[in-house]
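Student: Fold the following and give me the result.
(chains A, B, C and D)
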Protein chains: 2
Amino acid sequence: MVKIVDVAREAGTSVATVSRALNNNDRVDPQLAARVRAAAEKLGYRPNHLARSLRRQRSNLWLLIISDIEVSFFTSVARGVEDIAVANGYSVVLCNADEDETKESQYIQLAAAEHAAGVIISPHSTQTQIDRLAADSIPVVVIDRSIAAPVDWVMVDSRGGALAATEHLIRQGWQRPACVTGPRSAETAMLRRLGYEDALRAAGIRTRRVAHRSFHLDGGRAGAASLLDRDRPPDSFFVANAALALGVLQELHARGLRPGRDVGLICFDDAPWAPFIDPPISVVAQPAYRIGTQAATLLVDRIGGTADAAPRRVVLGTDLILRESSVHP
Amino acid sequence: MVKIVDVAREAGTSVATVSRALNNNDRVDPQLAARVRAAAEKLGYRPNHLARSLRRQRSNLWLLIISDIEVSFFTSVARGVEDIAVANGYSVVLCNADEDETKESQYIQLAAAEHAAGVIISPHSTQTQIDRLAADSIPVVVIDRSIAAPVDWVMVDSRGGALAATEHLIRQGWQRPACVTGPRSAETAMLRRLGYEDALRAAGIRTRRVAHRSFHLDGGRAGAASLLDRDRPPDSFFVANAALALGVLQELHARGLRPGRDVGLICFDDAPWAPFIDPPISVVAQPAYRIGTQAATLLVDRIGGTADAAPRRVVLGTDLILRESSVHP
DNA sequence: CTGAAAGCGCTAACAA
DNA sequence: TTGTTAGCGCTTTCAG
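Tutor: Numbering: from 1, shown residues only, chains lettered A, B, ... in the order given. So this is what the prediction gives:
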């Protein structure tokens, strides 16, 4: 391992000058700086981030903690985050909390222990504890779901999107829309349910048909099954995310019910496969990449700026993409 | 920030003893150790990984560098890796190289700069340079694709899986199978092509219908289009991964060709949506989770063991899952 | 079994 | 503008 003192010796100068030349370049003789860079190059010098971060008390590493890596929404977000981060000299690593509270808290610990420069997180629940980060004054930006702490966040208008989707179902002529959503602990699950209920209320439909399940395929299947087993089963479904929708589709298929003919179906979040399902699925699309860039921009500001500025909140709109699954025959 | 010296003061002992008590516990008086732990607990002490790693010259962090996070195969691998890593006291973070050589090399640099304990990587190409890691004696395990360096790796039998898939197509009665695969630089792309050709050879089919494209939806669409525009177009497709398959489906749909009726279709890698496509897609399934656990196990051994032991190679078999898309009417 | 002290590689006062 | 040097927080000899 070649270290800074080796470069100093090679360039015939001191470690301080090497450090200065290789970093900000602030007030070091251009010729000397060039010599230093040449020496560093020749020796293949790579700064040791550990030592640097320990000394500086801050690193260049961001942790992006996402609640479920299998959700393509998050992978698009990640791309947005990364593009902005890299442009500002940070590296981003991903942590998959897998909707598991324990894993999530371990990653939060990790961010603190590794002295991350910043954290972007889609919290498992509104109760997710980020005190560990606040205590070490590591800036945090929350995405997708909100949290019981005064931090910056970026979200989509879940309630509005759900309202639009359910309204669409009703306008198509479906009479008894149901809502299959995530666990009560997930704010997006609740907001999407509320949007669904807004639409029912506006249309004067009294019966709420709601199933809360885990945000997974199995949850979708179970939710749809329980709803369909009721006395007056739903004739259409607003589903709160893509994984759930896959489960709902499975259950519909098992019962010989075809979306766009026997039942209506629309879901939140546009998955890459949604246009290829039989029939193609209508969705509420989220601006995932833009959520990532927005969150990253907030984080860059927060790292550079004053810690005690008031939290900033960004809410992005959704787009309704209509395909065949929601058509009323 | 509470540090080790604070704990020492609280416990009425020295930093050395605190360090020992909090780590291996090796030959520390049990009573003293208990006092130390109590003090650490009381003060909310968290070790600073940066300082520890700098001193020890090794960290507990693994980097898992994957070539495309949108491929669900990799997310399952990640889960397998993580389970083993955590069980052995390591933390793992994900890096998405996005099939981009530059990003990949930046992550390799990052692993070196952060003194990662180990790296698991699905390399962008056989030419991926991991010298940076070898130079810092950071153990590496390669997955999914091989690489021009003597390292441990874990792969699936791509060629065998491709052979089985293509044989199945032929046995169904399809006469002119084609192969839509990834770029020549990707070893899996080549191996799957070779397996396809093995099957044609065995069946005495002379005409090779092959399209190499990028491992993405667009590539699949373009590949299928170019094949279908030939003089004697294929009547069936073996597709080298799930993203490509989506593109192929798109092109077939655009031409009014229905899999399992007008054409045969089977693809490598079982995606979560594969059973829900119209018609459900036949696939070659990979033991993704097991690839992750195997790779992680190799890495644990390698970190603990001697660096110069001969590289170990693991090849896992694939499973053919037959659904409707490959049926010959 | 415990403590004192020497660094890990780097940056940032402080001096020159 | 450059160099000397004191740590960042921790682990690990080496003495005791």
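Student: From here on, just use CA atoms for contacts and neighbour counts.
Tutor: Noted.
Student: Let me know the secondary structure of A:L169.
Tutor: helix (DSSP: H, G, I helix; E, B strand; the rest coil).
Student: Equivalent analysis for the one 5 residues further on, please.
Tutor: The three-state assignment at A:W174 reads coil, by three-state DSSP.
Student: cool, and A:V81?
Tutor: Quick answer, by three-state DSSP: A:V81 is helix.
Student: Chain neighbours aside, what residue packs nearest to A:N241?
Tutor: Excluding its sequence neighbours, the residue lying closest to A:N241 (CA to CA, 6 or more residues apart in numbering or on different chains) is A:F268, at 4.7 Å.
Student: Would you mind measuring from A:P183 to A:D269?
Tutor: 17 Å (CA to CA, to the nearest Å).
Student: Which pLDDT value goes with the closest residue to A:A274 other than its chain neighbours?
Tutor: The shortest distance from A:A274 to any non-neighbouring residue, by CA to CA, 6+ apart, is to A:I281 (5.3 Å). pLDDT, A:I281: 95.
Student: so what's A:I281 up against?
Tutor: The contact partners of A:I281, by CA atoms under 8 Å, 6 or more residues apart in numbering or on different chains, come to A:L265, A:I266, A:C267, A:A274, A:P275, A:L322, A:R323, A:E324, A:S325, A:S326.
Student: Run through the residues of the stretch 1-150 of chain A sitting next to DNA strand D.
Tutor: Taking CA under 7 Å from any atom of the strand as the criterion, the stretch 1-150 of chain A approaches DNA strand D at residues A:12-17, A:27-29, A:32-33, A:51-52, A:54-57.
Student: Make a PyMOL selection of the buried ones in those.
Tutor: Restricted to buried positions by 16 or more other CA atoms under 10 Å in any protein chain shown, the PyMOL selection for those reads:
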select buried, chain A and resi 14+15+17+32+33+51+54
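Student: Chain B contacts on chain A?
Tutor: A:1, A:46-51, A:53-54, A:69-70, A:72, A:75, A:91-95, A:110, A:113-115, A:136, A:246, A:249-250, A:273, A:276-279 (CA under 8 Å from any CA of the partner chain).
Student: Now with 6 Å, please.
Tutor: A:N48, A:H49, A:L50, A:L54, A:V93, A:L94, A:C95, A:A113, A:E114, A:I277, A:D278 (CA under 6 Å from any CA of the partner chain).
Student: what is the mean pLDDT for stretch A:31-47?
Tutor: The model assigns stretch A:31-47 a mean pLDDT of 93.
Student: Actually, stretch A:74-81.
Tutor: Here the average pLDDT along stretch A:74-81 is 93.
Student: can I get the CA coordinates of stretch A:134-144 in PDB?
Tutor: Taking C-alpha atoms only, stretch A:134-144 is exported to PDB below (Å, rounded to 0.1, in the frame of the first residue of the first chain):
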ATOM      1  CA  ALA A 134     -29.700  12.800  14.200                       C
ATOM      2  CA  ALA A 135     -27.400  12.100  17.200                       C
ATOM      3  CA  ASP A 136     -24.400  12.000  14.900                       C
ATOM      4  CA  SER A 137     -25.800  14.800  12.800                       C
ATOM      5  CA  ILE A 138     -26.000  12.700   9.700                       C
ATOM      6  CA  PRO A 139     -28.500  14.300   7.300                       C
ATOM      7  CA  VAL A 140     -31.500  12.200   6.300                       C
ATOM      8  CA  VAL A 141     -33.900  12.500   3.500                       C
ATOM      9  CA  VAL A 142     -37.000  10.300   3.600                       C
ATOM     10  CA  ILE A 143     -38.700   9.100   0.500                       C
ATOM     11  CA  ASP A 144     -41.900   7.400  -0.400                       C
END
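Student: May I have the beta-bridge partners of A:V210?
Tutor: A:C179 (DSSP bridges).
Student: pLDDT score for it?
Tutor: 98.
Student: Same question for A:G223.
Tutor: 98.
Student: which residue sits closest to it in space, ignoring its chain neighbours?
Tutor: A:A211 (5.3 Å).
Student: does A:N60 really touch A:A117, like I thought?
Tutor: Yes - the criterion here is CA atoms under 6 Å, and A:N60 meets it with A:A117 at 5.4 Å.
Student: between these two, which one's more packed in?
Tutor: A:A117 (25 against 17; other CA atoms under 10 Å in any protein chain shown).
Student: Okay, and A:V314 sits in which element?
Tutor: Using DSSP states H and E, A:V314 sits in strand A:313-316.
Student: contacting residues for the closest residue to A:R290 other than its chain neighbours?
Tutor: Of all residues not flanking A:R290 in the chain, A:G80 sits nearest, at 6.3 Å (CA to CA, 6+ apart). For A:G80, the contact set (CA atoms under 6 Å, 6 or more residues apart in numbering or on different chains) comprises A:Y289, A:G292, A:T293.
Student: I'd like to know how far A:G89 sits from A:P311.
Tutor: 24 Å.
Student: Neighbour count for those two, which is higher?
Tutor: Remark: of A:G89 and A:P311, A:P311 carries more neighbours, 14 against 11, as counted by other CA under 10 Å.
Student: and that one, backbone torsions?
Tutor: Main-chain dihedrals, A:P311, degrees, to the nearest 10: phi -60, psi 140.
Student: for A:L163, same thing?
Tutor: The phi/psi pair for A:L163 (degrees, to the nearest 10) is phi -60, psi -50.
Student: Count the neighbours of the closest residue to it other than its chain neighbours for me.
Tutor: Closest residue to A:L163 apart from its sequence neighbours, by CA to CA, 6+ apart: A:G195 at 4.3 Å. By other CA under 10 Å, 22 other residues sit near A:G195.
Student: same thing with A:A310?
Tutor: Neighbours of A:A310 (other CA under 10 Å): 10.
Student: Please, which helix or strand holds it?
Tutor: Going by DSSP H and E, A:A310 is not in any helix or strand.
Student: just the helices in the stretch 51-200 of chain A please.
Tutor: A:72-87, A:101-113, A:131-135, A:158-172, A:187-203 (DSSP state H, counting those that start in this stretch).
Student: How about the strand holding A:V314, which residues are buried there?
Tutor: Quick answer for strand A:313-316 (16+ other CA under 10 Å): A:R313.
Student: hmm, who's touching it?
Tutor: So strand A:313-316 is contacted by A:D152, A:W153, A:V154, A:M155, A:V156 (CA under 6 Å, 6+ apart).
Student: tell me the mean pLDDT over it?
Tutor: Per-region confidence: strand A:313-316 scores 95 on mean pLDDT.
Student: and that strand, which strands flank it?
Tutor: strand A:152-156 (parallel).
Student: relative orientation of the strand it pairs with and helix A:187-203 in degrees?
Tutor: Relative orientation of strand A:152-156 versus helix A:187-203 (axes from the mean of the first three to the mean of the last three CA atoms, to 10 degrees): 50 degrees.
Student: ok, and what's touching strand A:152-156?
Tutor: Looking at what lies outside strand A:152-156 - CA under 6 Å, 6+ apart - the contacts are A:V141, A:V142, A:I143, A:D144, A:P311, A:R312, A:R313, A:V314, A:V315, A:L316, A:G317.
Student: List the contacts of A:I84.
Tutor: A:T293 are the contacts of A:I84 under CA under 6 Å, 6+ apart.
Student: Give me the pLDDT for the residue in the stretch 201-329 of chain A that DNA strand C sits nearest to.
Tutor: Distances between the stretch 201-329 of chain A and DNA strand C by CA to the nearest atom of the strand are smallest at A:G304, namely 14.0 Å. Per-residue confidence (pLDDT) for A:G304: 85.
Student: For it, the count of nearby residues, please.
Tutor: 9.
Student: Quick check: mean pLDDT of stretch A:170-182?
Tutor: 97.
Student: Quick one: end-to-end length of it, please.
Tutor: 22 Å.
Student: from the chain's centre, how far out does it sit?
Tutor: Chain-centre distance of stretch A:170-182: 27 Å, with CA atoms, centre = their mean, to the nearest Å.
Student: buried stuff in that stretch?
Tutor: For stretch A:170-182, by 16+ other CA under 10 Å, it's A:I170, A:W174, A:Q175, A:R176, A:P177, A:A178, A:C179, A:V180, A:T181, A:G182.
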